[in-house]
Structure formats: structure tokens, C-alpha cells
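*Asks:* fold the following for me, if possible:
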Amino acid sequence: MPDIFGVIADATRRDILQVLLDRHVDDAEMSVSEIVNQLEISQPTVSKHLKVLRDAELVTVREEGQHRFYSLNAEPLEMVEDFVIPFLSAGFDTEVTVEYLDGNGSTVTGPEGLQDGEPVLPEEAASAAERIGRAAAVAEHRVKELVARFKLRE
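*Replies:* Residues are numbered from 1 along each chain as shown. Predicted coordinates:
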């Protein structure tokens, strides 16, 4: 399998992936001529890049007579995501500090009924809360990245 980072490093291939992603949302395929028309680049150039994307298993092809229809296969990009997320989440403090207040707004040591050092949440719930927090941090980063991309396109 080709190095996925090298494959997506090319701007034209990223443009093709973006076009296919737009169709992927509708669970639709695209012909080579549709990609050529949308990106306004030559058919040989598109075909050359589609071959690289096929070899990397980022696209799938369905042949119908002389026509080829392409669709996105985002699964190999999960490897990129797994590599990049630790870098994107570096510096995010996921530790949560909880203060308990009584009816007068004064800080108390913990909720009633808990012994010192006893967790507020069972371990499974605390683990789920941590995963939700991390997912929210990743989602926040993705939204910021998309906003930045749209600003660059304006």
C-alpha cells in the first residue's frame, strides 16, 4: 500500500477527494467526466490521480461499459486521523475540577453521603465522560478547521 500521507499531499488528489466527499454524503458515485468538469482539469490528469487514489484504496471504481464511476472510501484516512489526533489534542486539558456548593453558595468538600476519596461517578461513567470530553474537543477542533478553510476560500 502506498504511503497515505504522500498520496494526500498532492493538492489535485485532495481536490478529487473533496469532490467525491461531496457526493459520498449523498451515497452517489461520479464519473471521470463529471470530476473533470467540476475541477476544470484535463481528463488524463484526473485519470492519473484517480489511479494513485485507487492504489491507495481511497476510492473505489465501478465499471459500466467504457465508463468508470468513482466513489470515496474514507476508511484508509482513519490511519491519518489516528496519527494526527494526538497532535491536535496536545495542550487540551481534559482534567475536570468539580466544586460542590451548598444552598448558600459556600464550597463544601463533596456531595453528601460520599466518604473522603470516594469517586462521585462510578468508574464506567467517569470513563464514558472522559471519552465524551475528548470527542467534544476533537469536534471543536474540526469545526474550527472547517471555519478556517471556508475563510481561506472567500
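*Asks:* buried ones in the lengthiest helix in the chain?
*Replies:* Longest helix in the chain by number of residues (criterion: DSSP state H): helix 123-153. The neighbour-count check on helix 123-153 (16 or more other Cβ atoms under 10 Å) flags Ala137 as buried. The way it works is simple: take the backbone N, C-alpha and C, and place the C-beta from them, glycine included.
*Asks:* could you check how far that helix is from the centre of its chain?
*Replies:* Put simply, helix 123-153 sits 10 Å off its chain's centre (Cα atoms, centre = their mean, to the nearest Å).
*Asks:* show me what it is packed up against.
*Replies:* helix 77-88 (3 or more Cβ pairs under 8 Å, 6 or more residues apart in numbering; DSSP states H and E).
*Asks:* for Arg62, give its distance to Phe5.
*Replies:* Distance, Arg62 to Phe5, by Cβ to Cβ, to the nearest Å: 27 Å.
*Asks:* element containing the residue of the chain most remote from its centre?
*Replies:* Computed with Cα atoms, centre = their mean, the residue of the chain farthest from its C-alpha average is Asn104, at 44.7 Å. Assigned by DSSP states H and E, Asn104 falls within no helix or strand.
*Asks:* now do it, the pLDDT please.
*Replies:* According to the prediction, Asn104 has pLDDT 72.
*Asks:* what do you get for Gly133?
*Replies:* So, for Gly133, pLDDT stands at 82.
*Asks:* and this protein, what are its domains?
*Replies:* Annotated domains of the chain cover 4-72, 89-153 [automatic domain parsing].
*Asks:* worst mean pLDDT among those?
*Replies:* Of all the domains of the chain, domain 89-153 has the smallest average pLDDT, which comes to a mean of 69.
*Asks:* how close does Ala9 sit to Val80?
*Replies:* 11 Å.
*Asks:* ok, these two, which is more surrounded?
*Replies:* Ranked by neighbour count (other Cβ atoms under 10 Å), Ala9 and Val80 place Val80 first, with 14 against 10.
*Asks:* and for the nearest residue to the more buried one once chain neighbours are set aside, the neighbour number?
*Replies:* Spatially, and ignoring its direct neighbours in sequence, Val80 is nearest to Ile4 (5.9 Å; Cβ to Cβ, 6 or more residues apart in numbering). Applying other Cβ under 10 Å, we find 17 other residues in the vicinity of Ile4.
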